[in-house]
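J.: have a look; sequence and predicted model below, questions after that.
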Amino acid sequence: MLVAAAVCPCPPLLVPEVAAGAAPELDAARAACSDAIGVLAAARPDLLVVIGPAEQSGRGPHPQGARGSFRGFGVDVDVRLGLVSPETETETETEAESAPGAEGRSGLPSSLAVAGWLLERAQWSAAPVEGLGVGEPLEAERCIHVGAGIGDRADRVALLVMGDASACRTLKAPGYLDERAAGFDAEVGRALGEADIEALKALDAGLAYELKAAGRAPWQVLAGAAEGAALRGELLYENAPYGVGYVVAAWS
């Protein structure tokens, strides 16, 4: 059963080395992410599942210890998904290589790499960690079904859900200005802050795609996992730096 969830944005800019001189601009977002992960640890889960948007090569499961990197962003920063002891290093590498869909993978998708960085920063050791990369096209019903299965994985499951809201809040945003973006993001922030799973299930996948909201599918996986869990939400951060909607929330 799901006992806690944290929702965080997934821009590589959360990693200070990637953001470089602009790093202080996201200090409040980083602090909120740390607080949300603290809620996960306090719930004493048996398993933490990290969910994030992924391109084709990164979709599917990623085991604890899977490697990620920000070298593609010009910085020498590598991460792992959860802690791995030297005794289990070889076993973890073998599991990663044999995971379904592992052929052709070059490591964690960037959303899960950001999650790995956040967990390392928080010195996460509260429970084993698994990752799941989900594709933007995954329809709502399938997302909800996947989430329901995750909730049954252990007696006490926690989720770290990575994803950004719209990328169309300003003229300089990656998706340029779209007048629908502010309203979409406001509803997302309200739903995540209130743990309103019905509102998350009802998010318009087509509109989310047009607004470049990469978090839609992960949020709907969360909605499926939270069914019947009666969790309460708290909105910890909501802003749109660089014209992209970032939301941090904690459910417990």
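T.: Now that the structure is in, tell me what you want to look at. Numbering: from 1, shown residues only.
J.: quick one: Ala154 from Ala6, how far?
T.: As judged by Cβ to Cβ, to the nearest Å, Ala154 and Ala6 stand 17 Å apart. All C-beta atoms are positioned from the backbone trio N, CA, C, and that covers glycine.
J.: give the contact list for the closest residue in space to Glu210 that isn't next to it in sequence.
T.: Ranked by Cβ to Cβ, 6 or more residues apart in numbering and with sequence neighbours excluded, the top spatial neighbour of Glu210 is Asp178, at 7.3 Å. Counting by Cβ atoms under 8 Å, 6 or more residues apart in numbering, Asp178 touches Ser166, Cys168, Glu210, Leu211.
J.: try it again at 10 Å.
T.: Under the criterion of Cβ atoms under 10 Å, 6 or more residues apart in numbering, the contact partners of Asp178 comprise Ser166, Ala167, Cys168, Arg169, Thr170, Phe184, Leu207, Glu210, Leu211, Lys212.
J.: where does pLDDT dip in the stretch 101-250 of the chain?
T.: The model of the stretch 101-250 of the chain has pLDDT under 70 over residues 101-106.
J.: what about the strands in it?
T.: Assigned by DSSP state E, counting those that start in this stretch, the strands in the stretch 101-250 of the chain fall at 129-134, 157-162, 233-239, 246-251.
J.: make JSON lines out of these and add mean neighbour count and distance to Leu203.
T.: Output for these, formatted as JSON lines (neighbours: other Cβ atoms under 10 Å; distance: least, Cβ to Cβ, whole Å):
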{"stretch": "strand 129-134", "mean neighbour count": "25", "distance to Leu203": "14"}
{"stretch": "strand 157-162", "mean neighbour count": "28", "distance to Leu203": "13"}
{"stretch": "strand 233-239", "mean neighbour count": "19", "distance to Leu203": "15"}
{"stretch": "strand 246-251", "mean neighbour count": "27", "distance to Leu203": "13"}
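J.: among these, which comes closest to Gly68?
T.: Taking Cβ to Cβ as the measure, the strands of the stretch 101-250 of the chain were each checked against Gly68, and strand 129-134 came out nearest at 9.2 Å.
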